[in-house]
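**Student:** what's the 3D shape of this:
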Amino acid sequence: MTTLEAVMIAVSKLTYSYAGEASMNFPDFSVQKGEHFLLLGESGSGKTTLLHLMGGLLRNRTGSIVVDNTDLKGLSEVALDQFRGQRIGFIFQKNHLINALSVEKNLMMAPYLAGLPVNTSRIGEVLSNLGLSAKLKSNVSELSQGQAQRVAIARAVLNKPLILFADEPTSALDDKNCDRVIHLLMDAASDSQSTLIVATHDQRLKSKIKNQIQLA
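**Tutor:** Have a look, this model is predicted:
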């Protein structure tokens with residue numbers, strides 16, 4: 001039996017439309033604390049839009065999104081920024097790292113922007129778990145694409161978020177690196193006891209995560 005305390009995300013009667021475009025209608029669903037889910041659908045089905053709505057990056061929608069027992073619609077922009085920074089980690093299709101800064105300084109920005117204290121021990125722990133300890137002082141511009149992606153994962157999990165959203169993290173990868181990245185994500189989420197939602201049209205992931213939400 002599902003209890004309110006166990007529900008991390010609940011979506012109900014959600015619709016959204018971009019200016020001049022038809023409205024997108026999303027299915028009702030709920031995700032429990034610590035669960036791993038795939039958000040499946042072809043390009044244009046609204047996967048990224050739904051992630052951004054659940055993370056509070058898009059507003060002006062109809063319907064209900066409740067995250068950690070908080071209705072996002074009731075939060076001011078300032079409160080929403082703080083709520084997101086302290087509870088949600090994002091891994092975007094583009095890593096949005098600052099190339100001119102070191103790996104360490106990129107990671108230090110995550111707690112700083114969330115209003116949390118910078119914990120250098122936690123940075124070291126996360127980089128070690130992702131095999132990046134030797135890159136702590138390296139500039140992002142010196143990293144390979146795969147290493148930069150792992151830094152983006154490190155940044156997303158650094159604050160031990162309640163929820164981890166990943167947008168098409170494997171679509172450009174070969175089979176070996178696809179397998180590696182999805183397991184890195186799952187392991188990082190489990191380590192932080194985070195709920196994980198991966199938006200993807202990559203059919204290779206369907207066997208990796210059994211809980212699935214299908215968008216038309």
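
**Student:** Contacts for stretch 98-106, please.
**Tutor:** By C-beta atoms under 8 Å, 6 or more residues apart in numbering, the list of residues contacting stretch 98-106 from outside reads 97, 109, 123, 127, 132, 135-141, 143, 151, 155. All C-beta spots, glycine's among them, are computed from the backbone N, C-alpha and C.

**Student:** okay, now the nearest residue to N139 once chain neighbours are set aside: neighbour count?
**Tutor:** Nearest residue to N139, sequence neighbours excluded (C-beta to C-beta, 6 or more residues apart in numbering): S102, at 5.6 Å. A count of neighbours around S102, defined by other C-beta atoms under 10 Å, yields 16.

**Student:** related to what we said a few turns ago, kindly supply the PyMOL command isolating those of the contacts of stretch 98-106 that are buried.
**Tutor:** Buried residues within the contacts of stretch 98-106, by 16 or more other C-beta atoms under 10 Å, are selected in PyMOL with:
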select buried, resi 97+123+127+132+135+136+139+140+143+151+155
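
**Student:** Out of the contacts of stretch 98-106, which sit inside helices?
**Tutor:** Among the contacts of stretch 98-106, the subset assigned to helices under DSSP state H consists of 109, 123, 127, 151, 155.

**Student:** picking up where we left off before, give me the distance between the residue nearest to N139 and A189.
**Tutor:** Distance, S102 to A189, by C-beta to C-beta, to the nearest Å: 25 Å.

**Student:** can you check L127 too?
**Tutor:** Using C-beta to C-beta, L127 is found at 17 Å from A189.

**Student:** Same question for T62.
**Tutor:** Noted for T62: a distance of 30 Å to A189, by C-beta to C-beta.

**Student:** ok, those two, which is more surrounded?
**Tutor:** Counting neighbours by other C-beta under 10 Å for T62 and for A189 shows that A189 has the greater number, 25 against 12.

**Student:** Identify the farthest-apart pair in the contacts of stretch 98-106.
**Tutor:** Greatest spacing in the contacts of stretch 98-106, by C-beta to C-beta: I123 and S141 (19.2 Å).

**Student:** picking that back up, quick check, nearest of the contacts of stretch 98-106 to M54?
**Tutor:** Closest to M54, out of all of the contacts of stretch 98-106 and judged by C-beta to C-beta, is R155, at 18.9 Å.

**Student:** Does that closest one touch L107 like I think?
**Tutor:** Yes - the criterion here is C-beta atoms under 8 Å, and R155 meets it with L107 at 5.5 Å.

**Student:** which residues does the residue most central in space within the chain contact?
**Tutor:** Centroid-nearest residue in the chain: F165, 1.9 Å away (criterion: C-alpha atoms, centre = their mean). The contact partners of F165, by C-beta under 8 Å, 6+ apart, come to 51, 54-55, 88-91, 197, 199.

**Student:** Name the single longest helix found in the protein.
**Tutor:** As assigned by DSSP H, the longest helix anywhere in the chain is helix 175-191.

**Student:** Dump it to CSV, restricted to CA.
**Tutor:** Taking Å, rounded to 0.1, in the frame of the first residue of the first chain, the C-alpha atoms of helix 175-191 are listed here in CSV:
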residue,chain,number,x,y,z
ASP,A,175,27.0,0.1,-26.5
LYS,A,176,29.9,-0.2,-24.1
ASN,A,177,29.7,3.4,-22.9
CYS,A,178,25.9,3.3,-22.8
ASP,A,179,26.1,0.4,-20.4
ARG,A,180,28.8,2.1,-18.3
VAL,A,181,26.9,5.4,-18.0
ILE,A,182,23.5,4.0,-17.1
HIS,A,183,25.2,1.9,-14.4
LEU,A,184,27.1,4.9,-13.1
LEU,A,185,23.9,6.8,-12.9
MET,A,186,22.1,3.9,-11.1
ASP,A,187,25.0,3.4,-8.7
ALA,A,188,25.3,7.1,-8.0
ALA,A,189,21.6,7.4,-7.3
SER,A,190,21.7,4.3,-5.0
ASP,A,191,24.7,5.7,-3.2
